[in-house]
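**Student:** Any chance you can model this:
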Amino acid sequence: MSPGPPLGPFVPQGMPPGTEYGALADPTPDGVYYFRIYGGIHATLNGLVALFGLGMMLAPLRLPSSSGSSGSDAGAWIVMGLVYGGMGVLFLVPTLVALFGGRRPWVHVLGTVVIAMGMLSICCLPVLIPLLLVWIKPETRAWYGAR
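**Tutor:** Numbers count the residues shown, from 1 in each chain. Next up, the predicted model:
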């Protein structure tokens, strides 16, 4: 005969008796989950943009030069690759810091900045405006310890 469900609250192994389990006392707000999903997508896309820029910078080395093209074509590829790669990294780094920064007040502020950076693309506004509204709710701010 198998024992029934455990009586009382769940206490993970290794916690001293009488301490309160933090995960049950302070549940993660929905805004944090939504931001993690958005941050993962945002980081992936910006990482791909950075890799695309690197590919553009290396393209003149891989492609054979035609006899009619000038040397400025290779320079244009390198400059545009540098622009794409720089923008990808510029948006990737704050997103990764906000995703993996933990529960600190400055992470909530950085998350707000990351959401605002995504709003530079007008096509993302229908997703990011509701995300921002959930993100600035008092329970999300309190979870991060922001005032």
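
**Student:** Taking the centroid of the protein, which residue is nearest it?
**Tutor:** Residue closest to the mean C-alpha point of the chain, counted by CA atoms, centre = their mean, is Gly39 at 2.7 Å.

**Student:** For that one, which residues are in contact?
**Tutor:** By CB atoms under 8 Å, 6 or more residues apart in numbering, the contact list for Gly39 reads Thr95, Ala98, Leu99, Gly111, Val114. Using the backbone N, CA and C atoms, a C-beta is placed for each residue, glycine as well.

**Student:** redo that, cut-off 7 Å
**Tutor:** In this structure, Gly39 makes contact with Thr95, Ala98, Leu99, Val114, judged by CB atoms under 7 Å, 6 or more residues apart in numbering.

**Student:** if I look at Val134, how far off is Arg104?
**Tutor:** In this structure, Val134 lies at 19 Å from Arg104, with CB to CB, to the nearest Å as the measure.

**Student:** do Leu132 as well
**Tutor:** Using CB to CB, one gets 20 Å for the distance from Leu132 to Arg104.
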